[in-house]
Every structure is written in C-alpha cells, then in structure tokens.
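**Q** Next one to model:
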Amino acid sequence: MGAIVTPIQAESPRPNIVWIMSEDNSKHYLKHFDIHGVSTPAIESMAKHGITFDRAFSNAPVCSTARTTLITGCYGPRIGTQYHRRSRLAPMPEGVEMFPVYLRDVGYFTTNSSKTDYNAQ
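**A** Below is the predicted model:
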C-alpha cells in the first residue's frame, strides 16, 4: 500500500493528503470500482470526499515495474527500471527522486509501512 501524508504544520494552508497506492491487483477487486468487488467502507467513505482516479491504467504487466513508475513518475525504460526484479537495482537518474521525497521537501510527513520492492536504488 501507499504512503500516508499529512502536513507537519497544522496552520499550513496546504491540503491534507491521504495517498493510497495499490498495485498488482485489478479494478474488479474493490466495490468502489466494480459492483461485484469487495466492500471497503473506509476507502469508499474517503472517496466520497476526495478524488478517485478511475481512468488510470498500468504501464507495465508486472507489479515491480508498474510500482516503480508510480513512485517515480518516470516511464521504466526511460530510467532503466523496466525489468521485473532484476539482479541489480537501477540507479536513480540525477535530479529524480521518489514521490514521497518531493512531499517531504515541502513539509509533509510521509511513511511507507514496508514496501521496498522497487527496481531503483
């Protein structure tokens, strides 16, 4: 799952953000996206008051490649992360960071519970 993000300073005019990123699954899994999916009341409740990207598609057929693209915002072949679980991680290009770094740089708290399976260092 993705990162939980909140502003460090309560008086900040920036919005509170809860970014939930889920990969290696199908839109058919959740009732929020498909009537036959599993009910997830908390996610459905948050979605009523937020933004849902319901026209998003994977750029890769395997989890680690798609996940790395989502966390970096860069197309895998462009930065060398297109291979699923390669033996050596690709170095991040100069000037490119993973998305949570940009949020931390502007004062947000981010966390990644345990996900480390990215194709980049």
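**Q** Which secondary structure state is assigned to Arg104?
**A** helix (DSSP: H, G, I helix; E, B strand; the rest coil).
**Q** List the residues that contact the closest residue to Pro91 other than its chain neighbours.
**A** Spatially, and ignoring its direct neighbours in sequence, Pro91 is nearest to Gln121 (5.4 Å; C-beta to C-beta, 6 or more residues apart in numbering). Heads up, the C-betas are built off the backbone N, CA and C, glycines and all. Gln121 is in contact with Leu89, Ala90, Pro91, Met92, counting by C-beta atoms under 8 Å, 6 or more residues apart in numbering.
**Q** which one of these is nearest Gly76?
**A** Closest approach between the contacts of Gln121 and Gly76, by C-beta to C-beta: Ala90, at 8.9 Å.
**Q** what's the pLDDT at the residue nearest to Pro91?
**A** For Gln121, the pLDDT comes out at 84.
**Q** cool, and Ala66?
**A** At Ala66, pLDDT is 86.
**Q** And Phe109, by the same measure?
**A** Looking at Phe109, the pLDDT reads 90.
**Q** What is the burial count for the residue lying closest to Tyr83 once chain neighbours are set aside?
**A** Distance criterion C-beta to C-beta, 6+ apart; nearest residue to Tyr83, sequence neighbours excluded, is Asn119 at 6.6 Å. By other C-beta atoms under 10 Å, the residues close to Asn119 number 23.
**Q** Would you mind measuring from Asn119 to Arg88?
**A** Distance of Asn119 to Arg88, given as C-beta to C-beta, to the nearest Å: 10 Å.
**Q** helices and strands around the longest helix seen in the chain, which ones?
**A** The longest helix of the chain (DSSP state H) is helix 63-72. In terms of contacts (3 or more C-beta pairs under 8 Å, 6 or more residues apart in numbering; DSSP states H and E), helix 63-72 is packed against helix 76-79, helix 99-105.
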